[in-house]
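1. Starting from these lines, generate the structure:
(one chain, ligands or ions: 1)
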Amino acid sequence: MSVRVVARIRPLLEKELDKDVIVRADSAEEGKPLTIVKIPSPKNEAEEFSFTFNSVYDQSTTQEELFTAEVAPHMKALFQGLDVTLFAYGVTGTGKTHTMRGGLKLAERGVIPRLLSNVFRRAKKITKDTGGDTTVKVALAYYEIYNDKVFDLMEPPEKRTPSGLPLREKDGKTIVVGLSERSCEDLKDFERLYIEANNNRVTASTKLNAHSSRSHAILRVKVTQTTGDMIRESTASAIDLAGSEDNRRTDNGKERLVESAAINKSLFVLGQCIEAISRGDRRIPYRESKMTRILSLGQNNGITVMILNLAPMRSYHLDTLSSLNVSSRAKRIEVREIENEVVYKQAPRTNSGLGAAAIRQPLRPLANAHNMNPAAKAGDKPDKPEKPDKPIKAFAVFSDKVARPVAPARAAIPIPTANTSRLRQPDSHKRPSDMSPVRPSKLARPTQQSLVRPAAPPDEPQVTISAAQIEAMVEKKVAEILASRAAAAAEAEAEAAPTVTVQLSSAPVQNQISDEVQRRLEALERRIDSEKKHGDEARSDGLQCLLQARQAKERGDDAGALRLYEQALAYFPGQVKLLGKIERLRLKLASRGGVADPFAVEEVKRTPRKKSRGRREQNLKITDEEASYHEGTEADVEDDAADEKPIASPRRGKTKKSKSKAAGLMEAEGPDSPRAKQLLSIVNSRDLAKIKSLHGFGAKKAQDLVDYLTLRGDEESTSVSSLAQLRMLPGVGSRTVERAYEGLVV
Ligand SMILES: Nc1ncnc2c1ncn2[C@@H]1O[C@H](COP(=O)(O)OP(=O)(O)OP(=O)(O)O)[C@@H](O)[C@H]1O
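-> This next block holds a predicted model:
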C-alpha cells in the first residue's frame, strides 16, 4: 500500500480576499470526488498546473469530515496491530496545527483529540465485548524536534540538555533514547497531559525567544492490548511538521535564520527522501535529519497518511507549488501493511513468518507493489464510516460547551469553484497499489528559493544528494542572507550616531558567541552522526550521552550528569575512568547533601582558577576529543578529576582567610551598590566587548563567561542576580569579581 496523500485547502482568514484565491479543488470527472488541486503557473496565469492526490478537501471541509474520511477508517487497523502515522505537511500558516490539534470548540477539535477519543471508545468496547478478557492500555509520548534536536515535551524545559535526546534504531524502528511515556487512562488524562506538554513546548520556545510552531511536534499514542499472556502493541503517531518559509520574504533575525535553516533543511531532506523513494533509488537520505529518521517514510510498516495543508492565496503561490510538487510524489511511496508482532508474556518470541516479514525490507518501486500481508489485506476493508464523534462530557479542553452540530456548518467563505457544494466521498481506502497519478500538465518548477528538484525524467541519471551537499547548500544560503543582513546593519549603524557608555569599549558589538557555541555543538553532532553513518550506532549513542553529561555538568546539574554518565557506561562498559568519574560524582552529590550552604560548596569547587580555566579550554576542544571514544572519555575524566581536586587546594584557605581591599570595599558598599548593579548589568548584557573591558577579565575569561551564559539559556530567565551568584560561575571566582568590582568607576 502506498502512502495516502490528501490535500486540504484552508478557508480564507479574516483579512484575506476572495480575489486573491488561486488554488482550487477539482475532480477528474464531473460528479466524482475531488482529487485534483489546480493552481496557475506563476509565469503565465492562463496556464494551469494540476496535481492529483488520493483525496482533496476544499475550504468547506469540517474537522469532523476530515477525521471521518481520513483517520477513522484506520482505527480498526490500529487495533489489529498496525502502526498508523498521520502527518501534516505544508507552508507556515496553511493550517497544519489546525488540522492536527484544532481549536477549542468541540466542532473544531482536530485529528489528535478525535483520535484519542476514538481510541478510548474502541478500547472500552473491546474490553466489554471480551468480557474483560482483553485489557487495553494507552500510553502517550510527546516530543518536538527543534533545530534538529529532539526534546521530550512530557518533561519540563529545565530538564532539557542543549543537544537533546539521541536516536537509536531498534527492531527496524527509530526510537528516541530516554523519551518518557505517560500512561493515559481516559480523555481527562489525555487532556491534562496534552495541555501540560503543550505548555512545556510554549515555555521552552519562549525561553529561546522562538515560536512553538517552528518545531516539528510528534505525539505517539501506544495502544497495548493484553489477552492472557498475549500482548499486541501498536502505535498511532500524529505529527505536526514545522512550516517551511522563505527567508527572503520574512523578516528573520539571525536566530530565526538558523531555526529556519534547520526547518528548511529537514523539510528539504524529507523532499529528497520522497523523491529518492519515488525514483526507486537504493540510497534514501533518511539519516540526514532527525525528522526524516523518525518519520522513516516508506521504511515504516503500517499505514501512513500525509495531509498536505494549502493556503489558497496568491501570496503563497511559489511555496504552494513547491509543497504540491513534493507531496504529489509522496503518494508513490509504498508502505508495507504489516502488523506488529504479537508477543507473549514470559515466553520467547515466536519466530513466525510474520515476524520475519516485519523486519525492515529494502524498498521497492510502487510498480512492484503487492501487499505482503494477506491477513491485513483481508481486514483492510474500510471500517463502516464511523458515526460522528459524540461529544464526550469529560473532555473539557476542546469543549467550550458548544453542542455538537447535527449537520456541521460549512465554512463561511466558499471556494470559487463549481465543486464547492458537491458531496465529497473519499475514495476507497482499500487502495490500489498504483494510483496512476496524473502529472502536472506542465512541470511546476518550484522557483529558485525552493530547493526541491522536480521529478527526474526516467532517462535522467538518478543522482542522490549527499549529506555534505545538503549541509553546504543550507549553510551557503544562511551565509548569504547573514552577509546581506550584516552589510545592511553595518550601513544603518554607520548612519546612526554612536552612543557612548561610561567605561565601555567603543568596539562594535559582535554577537558571535551563540554562533560559536552552536557551531561547536553542531560539529560534535556531525561527528556523532558520522559515527552512525559508519555503522557504529552504540559508540555514537555513547558519545552522545557523554556530551550530554558534559553539558549537564557545565550547567551545574551534577545529578543529571551522573545519570548520563551512568547511561554512557552501558555503551562503554568497564571503562575505568568513566567509572571513576561516576564514583566521584556520587561522592560529591552525597557530600553536598550534608552541606547547608550550596554557595559554600560551589566556592570551594571553584577556588583553583588555573585548573578551572584549563577545564574550560578542554571543554572547548570536546569535538576533537570525542573523535575517539577512548581519548574522549579519558580527557573527560581527567577534567573531572581537576574539578574534584580543589577540595584539597591550598587556595581555599587563602581566599577565606585574607580579605582583600576590594572585598572590604564590596562589604562596605553592600550587595545593592550602584557598582554591583553596574557589574551585573554588564555581565547580563553578555556583550563580549563590555565584559572584556572589566578588570580581571581577559579575552578568554570573558569569552568563557559569555559561552557559559549562552548555554544556560536566554537572558531573562538565567540572568545573574547577585555578586555571590557571579562568583560561583565557572571560571569566575571571588578574586575576579573583586577586581572587576574595584575597577568600575561609578
Ligand atoms: N480549516 C480551517 N478552518 C478554519 N481556520 C483555519 C483552517 N486552517 C487553518 N485555519 C486558521 O489559519 C491560521 C493558520 O493555521 P495554523 O496555525 O494551523 O497553520 P500552520 O500551518 O500550523 O502554521 P505554522 O507552520 O506556522 O505552525 C490559524 O488562524 C487557523 O485557525
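2. Lowest average confidence across helices and strands of the chain, where is it?
-> When each helix and strand of the chain is scored by mean pLDDT, DSSP states H and E, helix 598-606 comes last, with a mean of 29.
3. And Val71, how far from the ligand?
-> Noted for Val71: a distance of 15 Å to the ligand, by CB to the nearest ligand atom, to the nearest Å. Where you see a C-beta, it was placed from the backbone N, CA and C, and this is true even at glycine.
4. For that residue, give me its contacts.
-> By CB atoms under 8 Å, 6 or more residues apart in numbering, Val71 lies in contact with Leu86, Val111, Arg114, Leu115, Asn118, Val305.
5. Could you confirm the last one falls within a helix?
-> Spelled out, it's Val305. No: under DSSP: H, G, I helix; E, B strand; the rest coil, Val305 falls outside any helix and is assigned strand.
6. these two touch, right, it and His74?
-> Yes: the pair Val305 / His74 is scored as a contact, 7.2 Å apart, by CB atoms under 8 Å.
7. Pro113 reaches Leu104, doesn't it?
-> No: using CB under 8 Å, Pro113 makes no contact with Leu104, being 10.3 Å away.
8. quick one, which of those two is more surrounded?
-> A direct count of neighbours by other CB atoms under 10 Å for Pro113 and Leu104 places Pro113 higher, at 27 against 12.
9. so where's the stretch 401-550 of the chain shaky on pLDDT?
-> 401-541 (pLDDT under 70).
10. for the stretch 201-350 of the chain, what spans make up the strands?
-> For the stretch 201-350 of the chain, the strands defined by DSSP state E, counting those that start in this stretch cover 216-227, 230-240, 303-310, 342-344.
11. residue boundaries of the helices in the stretch 101-250 of the chain?
-> 111-129, 187-207 (DSSP state H, counting those that start in this stretch).
12. Just give me the lowest mean pLDDT stretch among those.
-> Mean pLDDT is lowest for helix 187-207 out of the helices of the stretch 101-250 of the chain, coming in at a mean of 82.
13. now the angle from that helix to strand 216-227?
-> Going by axes from the mean of the first three to the mean of the last three CA atoms, to 10 degrees, helix 187-207 is angled at 160 degrees with respect to strand 216-227.
14. which strands and helices sit next to helix 187-207?
-> helix 111-129, strand 134-146 (3 or more CB pairs under 8 Å, 6 or more residues apart in numbering; DSSP states H and E).
15. can you give me the mean pLDDT across the shortest one?
-> What it means is strand 134-146. In the prediction, strand 134-146 has an average pLDDT of 94.
16. partner strands of that strand, parallel or antiparallel?
-> strand 149-152 (antiparallel), strand 182-183 (antiparallel), strand 216-227 (antiparallel) (DSSP bridges).
17. out of these, deepest packed?
-> strand 149-152 (a mean of 22; mean count of other CB atoms under 10 Å).
18. Using PDB, write out every CA atom in that strand.
-> Provided in PDB are the C-alpha atoms of strand 149-152 (Å, rounded to 0.1, in the frame of the first residue of the first chain):
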ATOM      1  CA  LYS A 149      17.400  18.300  18.300                       C
ATOM      2  CA  VAL A 150      14.800  16.100  20.000                       C
ATOM      3  CA  PHE A 151      13.200  17.300  23.200                       C
ATOM      4  CA  ASP A 152      10.800  15.500  25.400                       C
END
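19. Now do the phi/psi pair for the closest residue in space to Ala46 that isn't next to it in sequence.
-> Spatial nearest neighbour of Ala46, chain neighbours left out: Pro40 (7.7 Å); criterion: CB to CB, 6 or more residues apart in numbering. Backbone geometry at Pro40, expressed as degrees, to the nearest 10, gives phi -70, psi 160.
20. which residues of the stretch 601-746 of the chain fall in helices?
-> 609-620, 622-625, 629-644, 650-657, 661-669, 674-685, 688-692, 699-712, 715-718, 723-727, 733-743.
21. between the ones you listed, which has the poorest average model confidence?
-> helix 622-625 - the lowest mean pLDDT of the helices of the stretch 601-746 of the chain, at a mean of 32.
22. Quick one: neighbours of Ser180, just the number.
-> Neighbour count for Ser180, taken as other CB under 10 Å: 16.
23. Glu667 now?
-> With other CB under 10 Å as criterion, Glu667 counts 10.
24. before we move on, what about Lys692?
-> 18.
25. Quick check: closest non-adjacent residue to it.
-> Nearest to Lys692 is Ala702, by CB to CB, 6+ apart, at 4.2 Å.
26. Arg8 now?
-> Closest to Arg8 by CB to CB, 6+ apart is Tyr57, at 4.3 Å.
27. Surely that neighbour and Thr35 touch.
-> No: counting by CB under 8 Å, Tyr57 does not reach Thr35; the two are 10.6 Å apart.
28. in which helix or strand would I find Lys32?
-> Lys32 belongs to no helix or strand when assigned by DSSP states H and E.
29. Spit out the contact partners of it.
-> Neighbour list for Lys32: empty [criterion: CB under 8 Å, 6+ apart].
30. and it, backbone torsions?
-> Backbone geometry at Lys32, expressed as degrees, to the nearest 10, gives phi -90, psi 160.
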